[in-house]
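Peer 1: this is a predicted model, with the sequence first.
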2 protein chains.
Amino acid sequence: MVAYLEAMDKVFKALADPQRRLLLDRLFECDGLSLKDLVEGLDISRQAVAKHLHLLEDAGLVVIHWQGRVKLHYLNPIPIRQIHDRWISKFSVPRVQALVDLARDLEQSGKKGDEP
Amino acid sequence: MVAYLEAMDKVFKALADPQRRLLLDRLFECDGLSLKDLVEGLDISRQAVAKHLHLLEDAGLVVIHWQGRVKLHYLNPIPIRQIHDRWISKFSVPRVQALVDLARDLEQSGKKGDEP
DNA sequence: AAGATAGGCAACCATATGGTTGCATGTCAA
DNA sequence: TTGACATGCAACCATATGGTTGCCTATCTT
């Protein structure tokens, strides 16, 4: 149990940086990218991106697969789901989801009225 | 959209600290605690706890309600759900949940065999 | 009215974090 | 086999972060 919490600490630390979240976004929409692929569009050095990816991998949010000299990265959503389950009980899911959808709809209709 | 990402940045930063996650755990099991209540059992100063709670409040993970001179804290699970929805698509929820349950069961059976 | 209680604000400090640069290693392709 | 390419490792630096202490404000209670 304590080991689980320590493992999750790495997950939360890994998610704390916006660049790393962008990397996860990229992998979410297109799984199996290499380091070189992921460097493009981030405006920081390759070494910085590599460090980020190592943190994500160490946290278990990304799993890798070597293919020759290129390292492919895959998103692992399980820790994300575990975060969810920590503070949202099964019975409250529908209520919370309804509120999320409501908030999104309000955001949308607000956007429409922004520039008439 | 960019405002949404910036708002979520506060959420991830707030979740990055273990003490703050413990505070959320406390509120999850017993909503509506005061600062004084929450200080007990954390082994850091009241001011440190207050700072943590301010961060959680600013991130929208905790909502407060003044009752005289005592500040009551309530857990708001909506940002947690939004994290979930960012990287777990609706159609993949059953698969991911099955993997989470499997991992938990394996952890359990492993525990049993730990001390024979 | 006065002490006790619940909380806020600000300055300060040590460490953690994210970035850089420079160099090394291993694999593919001509 | 040799040069190009994909990635790893280490040292270093500026800033962010979490903690402390000291003092202030507001609200109960007697």
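Peer 2: Looks like it came in fine.
Peer 1: bridging residues for A:S34?
Peer 2: Beta bridges link A:S34 to A:L72, judged by DSSP bridges.
Peer 1: that one contacts A:Y74, doesn't it?
Peer 2: No: the criterion here is C-beta atoms under 8 Å, and A:S34 misses it with A:Y74 at 11.4 Å. C-beta here means a position set from N, CA and C on the backbone, and glycine is covered the same way.
Peer 1: who in chain A is up against DNA strand C?
Peer 2: A:13, A:16-17, A:19, A:44-45, A:47-48, A:51-52, A:55, A:68-69 (C-beta under 7 Å from any atom of the strand).
Peer 1: what does chain A have sitting close to DNA strand D?
Peer 2: Proximity of chain A to DNA strand D, by C-beta under 7 Å from any atom of the strand, involves residues A:34-36, A:46-47, A:50, A:53-54, A:69-71.
Peer 1: mind redoing it with 6 Å?
Peer 2: Within reach of DNA strand D by C-beta under 6 Å from any atom of the strand, chain A has these residues: A:34-36, A:46-47, A:50, A:69-71.
Peer 1: coming back round to it: give me the buried entries from the residues of chain A next to DNA strand C.
Peer 2: Among the residues of chain A next to DNA strand C, those scoring as buried are A:13, A:16-17, A:52, A:55 (criterion: 16 or more other C-beta atoms under 10 Å in any protein chain shown).
Peer 1: state the phi and psi torsions of A:Y74.
Peer 2: For A:Y74, the backbone dihedrals (degrees, to the nearest 10) come out as phi -130, psi 140.
Peer 1: export the helix or strand of chain A with the lowest mean pLDDT to PDB, keeping only CA atoms.
Peer 2: Ranking every helix and strand in chain A by mean pLDDT, DSSP states H and E puts helix A:93-112 at the bottom, with a mean of 85. In PDB, the C-alpha atoms belonging to helix A:93-112 read as follows (Å, rounded to 0.1, in the frame of the first residue of the first chain):
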ATOM      1  CA  VAL A  93     -19.400   8.800 -11.500                       C
ATOM      2  CA  PRO A  94     -22.700   9.600 -13.200                       C
ATOM      3  CA  ARG A  95     -23.300  12.700 -11.100                       C
ATOM      4  CA  VAL A  96     -19.700  14.000 -11.600                       C
ATOM      5  CA  GLN A  97     -19.800  13.200 -15.300                       C
ATOM      6  CA  ALA A  98     -23.000  15.200 -15.700                       C
ATOM      7  CA  LEU A  99     -21.400  18.200 -14.000                       C
ATOM      8  CA  VAL A 100     -18.400  17.900 -16.300                       C
ATOM      9  CA  ASP A 101     -20.600  17.800 -19.400                       C
ATOM     10  CA  LEU A 102     -22.600  20.700 -18.100                       C
ATOM     11  CA  ALA A 103     -19.500  22.800 -17.500                       C
ATOM     12  CA  ARG A 104     -18.200  22.000 -21.000                       C
ATOM     13  CA  ASP A 105     -21.600  23.000 -22.600                       C
ATOM     14  CA  LEU A 106     -21.600  26.200 -20.600                       C
ATOM     15  CA  GLU A 107     -18.000  26.900 -21.800                       C
ATOM     16  CA  GLN A 108     -19.100  26.300 -25.400                       C
ATOM     17  CA  SER A 109     -22.200  28.500 -25.300                       C
ATOM     18  CA  GLY A 110     -20.100  31.200 -23.600                       C
ATOM     19  CA  LYS A 111     -17.600  31.000 -26.500                       C
ATOM     20  CA  LYS A 112     -20.300  31.500 -29.000                       C
END
